[in-house]
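Peer 1: Generate coordinates for the sequence data below:
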Amino acid sequence: MKLLLYGRDVASWVPALRGIAPGVTIETAQTEEEGKAKIADADAFFGTITPDLLASARQLRWIQTPMAGLERYFFPALVEHPVVVTNMRGIFRDMIPDHVLCYILCFARDMHTAIRRQLERNWAPRDLKVVHLPGATLGIIGLGGIGYGVAQRAAPHGMRIIAVDPRLEDKPPEVAELWRPERLDDLLGQSDFIALCAPETPETRGLFDAGKFAKMKPTAFFINIGRGRVVKLDAITAALQEKKIAGAALDVFEQEPLPADHPLWGMDNVIITPHSAGFSAHEGDRRLEVLGENLRRFVAGEPLENVVDKAAGY
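Peer 2: Now for the predicted structure:
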């Protein structure tokens, strides 16, 4: 049995993986040409696969991707191939929810305004606008690992939490209402804070257009730590400029990096972070942990974790 690790900075993982699966041959490759030669007799593969690499594989049964979001990973031959694909779902289970809670608390206490005034040495406490969280509703779009982590962090603040999810059947105790995506407009109309935690799929790409922002309360705050292309950049810009919504916290954008002259940079009610919600010193360790556990399962003939629906893309 052979595992091929493809990409940079993976050679350091070999000793740990050999300790997990001593009988497995583990090889590494950094270029596509090298990868094409070594993948020919590989049973398992870690990395970003290409059509040429897949065409060179004669007995490939499992691919572990290095990322959680796979909106640009699949191509027709890979979808049709019998190989099982697993992703890195769960490695951002705490850092991204922490980032969302930071956004919520910042807006709730009007910290974004206070920070800007600090730079101006402007002492004007009386007109800061605060939101009482125990009386507020948080709507979560996508109640997977990250979305549920957001719910767990928001619940102790007394927020009413509602969510939409296409797959989840059982409502977690922190969530007051769990609906199917068909009720997204109901969620938008009820929420004071909206956290977009959904993956990019053909169904969600461009989902947030002018019509969706029109369904929100004018006092509501919109948060996106999911995927940039789920939200139309022009639509959210217009919604903010026209005061259709109260503010936005954005970590991902339809166009990245956000152009330096884009109007979002200058808006007082917008918090921008540079696709950094998942940053952590533990990210690499967690990738190795997921790969190692799935390698153990693969060798033992056990079901793999984080299996992806290739046709759906997540």
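Peer 1: show me what contacts the residue sitting furthest away from the middle of the chain?
Peer 2: Farthest-out residue of the chain from its mean C-alpha position, per Cα atoms, centre = their mean: residue 123, at 37.9 Å. Counting by Cβ atoms under 8 Å, 6 or more residues apart in numbering, residue 123 touches residue 117. The C-beta positions use only the backbone N, C-alpha and C, and glycine is treated the same way.
Peer 1: Using the three-state scheme, assign it.
Peer 2: Following DSSP: H, G, I helix; E, B strand; the rest coil, residue 123 is assigned to coil.
Peer 1: And the pLDDT for it?
Peer 2: Reported pLDDT at residue 123 in the predicted model: 93.
Peer 1: try residue 27
Peer 2: Residue 27 is assigned 97 on the pLDDT scale.
Peer 1: Can you verify it is assigned to a strand?
Peer 2: Yes - assessed with three-state DSSP, residue 27 lies in a strand.
Peer 1: Any figure for the gap between the residue farthest from the centre of the chain and residue 268?
Peer 2: Using Cβ to Cβ, to the nearest Å, residue 123 is found at 17 Å from residue 268.
Peer 1: my guess is residue 298 contacts residue 45, does it?
Peer 2: No - look at residue 298 against residue 45 with Cβ atoms under 8 Å: they stay out of range, at 11.2 Å.
Peer 1: if I look at the two, which residues touch both of them?
Peer 2: Counting by Cβ under 8 Å, 6+ apart, the residues touching both residue 298 and residue 45 are residue 62.
Peer 1: who has more neighbours, those two?
Peer 2: Neighbour count, other Cβ atoms under 10 Å: between residue 298 and residue 45, residue 45 has more, with 27 against 22.
Peer 1: Regarding this structure, what is its longest helix?
Peer 2: The single longest helix within the chain, with elements called by DSSP state H, is helix 283-300.
Peer 1: Which positions in that helix come out as buried?
Peer 2: For helix 283-300, a neighbour-count test (16 or more other Cβ atoms under 10 Å) marks 286-288, 290-292, 294-295, 298-299 as buried.
Peer 1: Which strands and helices lie in contact with that helix?
Peer 2: Counting contacts by 3 or more Cβ pairs under 8 Å, 6 or more residues apart in numbering; DSSP states H and E, helix 283-300 is packed against helix 14-20, strand 44-46, strand 62-64.
Peer 1: For the longest one, which helices and strands make contact with it?
Peer 2: With contacts defined as 3+ Cβ pairs under 8 Å, 6+ apart, helix 14-20 has these neighbours: strand 2-6, strand 25-29, helix 283-300.
Peer 1: Recalculate using a threshold of 6 Å.
Peer 2: The contact analysis (3 or more Cβ pairs under 6 Å, 6 or more residues apart in numbering; DSSP states H and E) places helix 14-20 against helix 283-300.
Peer 1: which residues touch the helix it packs on?
Peer 2: Defining contact as Cβ atoms under 6 Å, 6 or more residues apart in numbering, one finds that helix 283-300 is touched by 13, 20-21, 44, 46, 62, 64, 86, 88, 91, 304-305.
Peer 1: So what's the model's average confidence on it?
Peer 2: pLDDT averaged over helix 283-300 gives 96.
Peer 1: so how far is residue 251 from the residue nearest to residue 17 when sequence neighbours are not counted?
Peer 2: Distances taken as Cβ to Cβ, 6 or more residues apart in numbering put residue 26 closest to residue 17, at 5.6 Å, once the chain neighbours are dropped. Noted for residue 26: a distance of 35 Å to residue 251, by Cβ to Cβ.
Peer 1: try residue 76
Peer 2: 31 Å.
Peer 1: Compare these two (neighbour count), which wins?
Peer 2: residue 251 (21 against 8).
Peer 1: Verify the stated contact: that one with residue 278.
Peer 2: No - using Cβ atoms under 6 Å, residue 251 is not in contact with residue 278; the gap is 8.7 Å.
Peer 1: and the longest helix of the chain, how far out from the chain's middle?
Peer 2: 20 Å (Cα atoms, centre = their mean, to the nearest Å).
Peer 1: quick one on the thing from earlier: which one of the contacts of helix 283-300 has the most neighbours?
Peer 2: In the contacts of helix 283-300, the most neighbours by other Cβ under 10 Å go to residue 46, 27 neighbours.
Peer 1: For that one, which residues count as its bridge partners?
Peer 2: residue 5, residue 64 (DSSP bridges).
Peer 1: Pull the contacting residues for it.
Peer 2: Residue 46 makes contact with 5, 64, 291, according to Cβ under 6 Å, 6+ apart.
Peer 1: Please apply the same query to residue 188.
Peer 2: 215-216.
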